[in-house]
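>>> Pasting the sequence and the predicted model now:
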Amino acid sequence: MRAMKSELRRPDGQPVRVLVVDDEATLAELVSMALRLEGWEVRSAPDGATAVRTAREFRPDAVVLDVMLPDIDGLEVLRRLRADAPALPVLFLTARDAVEDRIAGLTAGGDDYVTKPFSLEEVTLRLRALMRRTGITEASAGAILTVGDLTLDEDSREVHRAGEPIELTATEFELLRFLMRNPRRVLSKAQILDRVWNYDFGGQANIVELYISYLRKKIDAGRPPMIHTMRGAGYVLKAAR
């Protein structure tokens, strides 16, 4: 018997919106159908230029994006999408299984990826996890987390340090929230992978290092550092001295 899944909705109660970008028409339709079965509003685009235009009109809550497209590649599409929506969650589809290709997509700002061939259930599950991170789903009231001069509002998803706003992607926000919920506690890479990514990432602990470096550039740049590396143990966030 299939377990019932909680319904994901936007804060205004409307269905979440997903844009599927893939030049393989059959695959794009299969993914779109699977997502519509979740009750989501879905649109698709066969190439990068169409994807960018559609995103500006459709305002998706998440994007499923093929890396290989006939006009511009998925990494460039991602850069253009993020120029309009810096925190837009993006799930990459890739036919390549090399670690370098995975890292390239994540370095460009993608939040996750699946490697072809994949199951439709896997795509759906990973999208659900991504959208939970964005805070677009109905949830209980959050809190305002404060560590030193750093604040994070779980409801509005606004982050400030010393009163200055800081723009974070969905994954960066979730990573910072985990650190701020555990101030002065050393968190291992395994703990962070399990909590932030919510699934087995193939043991790629360097993904944690990558996102910690992203956070440092935004949180600590030009300021006394708050995020510290405990060699051989993990990472810790504490108020700057």
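In hand now; what should we look at?
>>> check contacts around the residue lying closest to residue 181 once chain neighbours are set aside.
Leaving aside its chain neighbours, residue 181 sits nearest to residue 145 (6.6 Å; criterion: C-beta to C-beta, 6 or more residues apart in numbering). In short, each C-beta sits where N, CA and C put it, glycine included. Taking C-beta atoms under 8 Å, 6 or more residues apart in numbering as the criterion, residue 145 is in contact with 151-152, 154, 177, 180-181.
>>> So residue 145, which state does it fall into?
Following DSSP: H, G, I helix; E, B strand; the rest coil, the label given to residue 145 is strand.
>>> Report the beta-bridge partners for it.
Here residue 145 sits in beta bridges with residue 152, going by DSSP bridges.
>>> and the gap between it and residue 178?
Distance from residue 145 to residue 178, counting by C-beta to C-beta, to the nearest Å: 10 Å.
>>> likewise residue 61?
22 Å.
>>> And the two? Which one has more around it.
A count of neighbours by other C-beta atoms under 10 Å puts residue 61 above the other of residue 61 and residue 178, at 24 against 15.
>>> ok, that one to residue 128 distance?
Here the criterion is C-beta to C-beta. By it, residue 61 lies 11 Å from residue 128.
>>> about what we covered before: confidence-wise, which of the contacts of residue 145 comes last?
Ranked by pLDDT, those bottom out at residue 154 (82).
>>> from memory it sits against residue 133, does it?
No: applying C-beta atoms under 8 Å as the test, residue 154 and residue 133 come out as separate, 11.5 Å apart.
>>> And the two? Which one has more around it.
When residue 154 and residue 133 are compared for neighbours, residue 133 comes out ahead with 24 against 18, by other C-beta under 10 Å.
>>> tell me which element that one falls in.
helix 120-134 (DSSP states H and E).
>>> Domain map for this structure?
The chain breaks down into these domains under the TED database: 17-134, 144-237.
>>> hey, where'd the strands end up in this protein?
17-21, 41-45, 62-66, 90-94, 112-115, 144-147, 150-153, 159-161, 164-166, 227-230, 234-237 (DSSP state E).
>>> Quick one: residues in contact with the second one.
Contacts to strand 41-45, defined as C-beta under 8 Å, 6+ apart, come from residues 14-22, 28-29, 32, 35-36, 51, 53-54, 58, 60.
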